[in-house]
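Novice: Predicted model follows, preceded by the sequence.
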Amino acid sequence: MLPLSTHAQPAPVQQVPGHCIYPSQPLVDEASLHALDLTMGEELARFMNEAQAYSQCLDATKQQLNSEVDQYMQQYREAHPMVDTEY
């Protein structure tokens, strides 16, 4: 498990389905970590949290898209009752 600290962490990036934001790469150089008063563990924990949120956003986007496709296909079938085509 990565060590945690009492340092204030920035607010996580809010993910919105359809507009998922790729996580920013973790800082790995000591100078940057020192300047921001972060440990490598804190930075990697941030990155992993953002990566997980991004992955969940992609899943939600896919689910939303599939739902919209189903809705449009249903509307099409209702407007064209004689058409019996599998997609």
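Specialist: Here it is on my side, so go on.
Novice: For the residue nearest to Asn49 when sequence neighbours are not counted, give me its contacts.
Specialist: Using C-beta to C-beta, 6 or more residues apart in numbering and skipping residues adjacent in sequence, the residue nearest Asn49 is Pro12, 6.3 Å away. In this view, the C-beta of every residue, glycine as well, is placed from N, C-alpha and C. Listed by C-beta atoms under 8 Å, 6 or more residues apart in numbering, the contact set of Pro12 reads Asn49, Glu50, Ala53.
Novice: gap between the strand or helix carrying the first one and the chain center?
Specialist: Take DSSP states H and E as the rule and Asn49 turns out to sit in helix 40-79. The chain centre lies 7 Å from the centre of helix 40-79; the measure is C-alpha atoms, centre = their mean, to the nearest Å.
Novice: for the record, mean pLDDT for that helix?
Specialist: Throughout helix 40-79, pLDDT has a mean value of 96.
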